[in-house]
Structure formats: structure tokens, C-alpha cells
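Q: Output the structure for:
(2 chains)
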There are 2 protein chains.
Amino acid sequence: MTKPVALNNLPVKNTVAGHYGRFVHGERSTLAFWEISEGAISPMHQHPHEQITYVAAGIFEMEIDGVKYELLQHDTLVIPPNALHGGRAVKDCKLIDSFCPVREDYR
Amino acid sequence: MTKPVALNNLPVKNTVAGHYGRFVHGERSTLAFWEISEGAISPMHQHPHEQITYVAAGIFEMEIDGVKYELLQHDTLVIPPNALHGGRAVKDCKLIDSFCPVREDYR
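A: Numbering: from 1, shown residues only, chains lettered A, B, ... in the order given. Next up, the predicted model:
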């Protein structure tokens, strides 16, 4: 995928209730664009991928390794590999997550 | 860096004329937030990192391996490791780039 792709032309995956994701995959990394509905819950989970989250819009309560943070618009957070994390959209959210390596499960 | 950091609290690096970047680094990857002034030029360059570019705002003309693309708002583009690339801000831009591995040169 070395040609540009408009976000709206990427298929949307409804991975978890209220979570709508679009994904751009390289060979080594994935950039994910989420729209998450107010009140939707991301169940606690972990993965070997490093994740960096950016809140493009909204408010997201993120719990990581037992600590809760209220992420506001334009907040960033590094989620280390295998860290247990999850959360809840306090308001409708747009999140951008980078993952390294590729999220093969989102292909 | 496992605590949230607001984008505005990250230091700004003026890496190239008209290019203002903020960087969030993990252990394996970097998420970069650029503001690029209209007319500013990113000289052709290459790096071993995979890059995924997202145009949050503006228009950016990207040349990659000899082919030019006009990237519009919400366009995405995977730049493979070592691909020769560069460009020009046709309009004021906000770009988000994920890099894997970490851009140590931006620390």
C-alpha cells in the first residue's frame, strides 16, 4: 500500500460494541483510526504490540496497569507492550492509535 | 512515558524550515505531530523506519520513489523503510506520522 488512501475509503470494522475502526497497515506497524460512541467500553486486554494513543476528539477514560487516566482532546499516551489496559468513552471519541508491530488481528 | 501528555506540553522542534514537530516516543515507535507552513519544503530523504502519514489538515504534495501524490485532508500513506521521499506543503498542514522503530534522531 504505497498509494494514498482516503480514510473514508477504508473499511470500517466494528470490533467491540460502540468501537468503529479503520486501519492502515504497513509491514511493521499499523495506524488505527477509531470512532467510539459515548459510554462504549473497551474491555481490559493486553497485546504484545506497543501502542501510542492520541485523542483527536472527545474524552476517553483509560485504565492501564490499574491506574485510571481521563484522556482529554489532544492528550497522548504510550501503552507499553503487554500492559493491561482498557477504558470507556466518557464522550464520543476519535482516537488515533499507532501499533508496532502490525496488528495482524485487524487486517 | 506511561502517563498522558498533552500535545501542547510537548516541546516543539523546528527540524527543517517551516516544519514544527512534536514527538511521542515509546520503546519501539514514535508518533509525530507536524505543523508545516504553506510552501515549506521537506527535502528528499530516506530512513530505515517505516512511516505511516496521515493528513489531519491541509494539503501536502508528497513525492515517493519518483512519484508525486497530492495528499488531501484525511489521506493516509504508507512510506516503506528506506523509500526516498519528500514534499511540499501546498497549504498549511497538520500531519501525523507514525514511525517504527523509534526516531532516535527526534528525541
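
Q: residues contacting residue A:20?
A: Applying Cβ atoms under 8 Å, 6 or more residues apart in numbering or on different chains to residue A:20 gives the contacts A:12, A:13, A:14, A:34, A:35, A:36. In this view, the C-beta of every residue, glycine as well, is placed from N, C-alpha and C.

Q: now those: which count as buried?
A: A:34, A:35, A:36 (16 or more other Cβ atoms under 10 Å in any protein chain shown).

Q: Kindly reformat those residues as JSON lines containing distance to residue B:69 and secondary structure.
A: Formatted as JSON lines, the buried ones among the contacts of residue A:20 follow (distance: Cβ to Cβ, whole Å; DSSP: H, G, I helix; E, B strand; the rest coil):
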{"residue": "A:34", "distance to residue B:69": "25", "secondary structure": "strand"}
{"residue": "A:35", "distance to residue B:69": "26", "secondary structure": "strand"}
{"residue": "A:36", "distance to residue B:69": "30", "secondary structure": "strand"}
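
Q: From those residues, pick the one nearest residue B:2.
A: Using Cβ to Cβ, residue A:34 is the member of those that lies nearest residue B:2, at 20.1 Å.

Q: Tell me what the closest one is bridged to.
A: Counting by DSSP bridges, residue A:34 is bridged to residue A:21, residue A:95.

Q: Over to residue A:100?
A: Going by DSSP bridges, residue A:100 is paired in beta bridges with residue A:50.

Q: Confirm for me that it is in contact with residue A:32.
A: No: counting by Cβ atoms under 8 Å, residue A:100 stays clear of residue A:32, with 11.8 Å between them.

Q: more crowded one of those two?
A: A count of neighbours by other Cβ atoms under 10 Å in any protein chain shown puts residue A:100 above the other of residue A:100 and residue A:32, at 25 against 21.

Q: rewinding a little: nearest to residue B:57 among the contacts of residue A:20?
A: For the contacts of residue A:20, the closest approach to residue B:57 (Cβ to Cβ) belongs to residue A:35, at 17.9 Å.

Q: what about the helices in chain A?
A: Listed in chain order, the helices of chain A (DSSP state H) amount to none at all.

Q: Where does pLDDT dip in it?
A: A:1 (pLDDT under 70).

Q: what are the ranges of the strands in it?
A: Along chain A, counting by DSSP state E, strands occupy A:5-6, A:13-16, A:19-25, A:30-36, A:41-45, A:50-57, A:60-64, A:67-71, A:75-79, A:85-89, A:93-100.

Q: what helices or strands is the shortest one leaning on?
A: In this structure, strand A:5-6 packs against strand B:75-79, with contacts taken as 3 or more Cβ pairs under 8 Å, 6 or more residues apart in numbering or on different chains; DSSP states H and E.
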